[in-house]
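1. coords below, sequence missing:
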């Protein structure tokens, strides 16, 4: 098991999960992504980016205890 990380859901991701946040055990963002899709299959229909500790990720990243991941689907509006 990896470190405990907090996942924050926004927009459509919050609608699908029915949660604002939850905690996962994940060693890196790739495994976290797989866990989220396994737990919430409807998330496969949503294109989303991840931010690690308020920094938008371009690549996979190793996670540490108490990291915060934000799940950011496309936002609409202006």
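-> Ah, there it is. These numbers were taken from a predicted model, which means no experiment stands behind them. Residues are numbered from 1 along each chain as shown.

2. Surely residue 6 touches residue 70?
-> No: contact between residue 6 and residue 70 fails when scored by C-beta atoms under 8 Å: they sit 9.5 Å apart. Every C-beta, even on glycine, is put in place using the N, C-alpha and C of the backbone.

3. Those two: which is more packed in?
-> Each of residue 6 and residue 70 has its neighbours counted (other C-beta atoms under 10 Å); residue 70 has more, 21 against 13.

4. if I look at residue 47, how far off is residue 4?
-> Between residue 47 and residue 4 the distance, using C-beta to C-beta, to the nearest Å, works out to 27 Å.

5. Can you pick out the residue with more neighbours from these two?
-> Comparing residue 47 with residue 4 by other C-beta under 10 Å, the one with more neighbours is residue 4, at 14 against 10.

6. So that one is in contact with residue 65, correct?
-> Yes: in terms of C-beta under 8 Å, residue 4 counts as a neighbour of residue 65; the distance is 6.0 Å.

7. which residues are in contact with both of those two?
-> Among the neighbours of residue 4, none is also in contact with residue 65 (C-beta atoms under 8 Å, 6 or more residues apart in numbering).

8. nearest residue to residue 12 other than its sequence neighbours?
-> If the residues on either side of it in the chain are set aside, residue 12 comes closest to residue 73, at 4.4 Å by C-beta to C-beta, 6 or more residues apart in numbering.

9. how about that neighbour, what does it touch?
-> Contacts were defined as C-beta under 8 Å, 6+ apart; by that measure residue 73 touches 10, 11, 12, 13, 46, 47, 48.

10. repeat that for 6 Å
-> By C-beta atoms under 6 Å, 6 or more residues apart in numbering, the contact set of residue 73 is 11, 12, 13, 46, 48.

11. same deal with residue 42?
-> Going by C-beta under 6 Å, 6+ apart, the list of residues near residue 42 reads residue 16.

12. for the residue positioned nearest the centre of the chain, which residues make a bridge with it?
-> The centre of the chain sits closest to residue 71, judged by C-alpha atoms, centre = their mean, with a distance of 3.9 Å. In this structure, residue 71 has beta-bridge partners residue 9, residue 50, where bridges are defined by DSSP bridges.

13. Touching, it and residue 13? I think so.
-> Yes: at 4.4 Å, residue 71 counts as touching residue 13 under the criterion of C-beta atoms under 6 Å.
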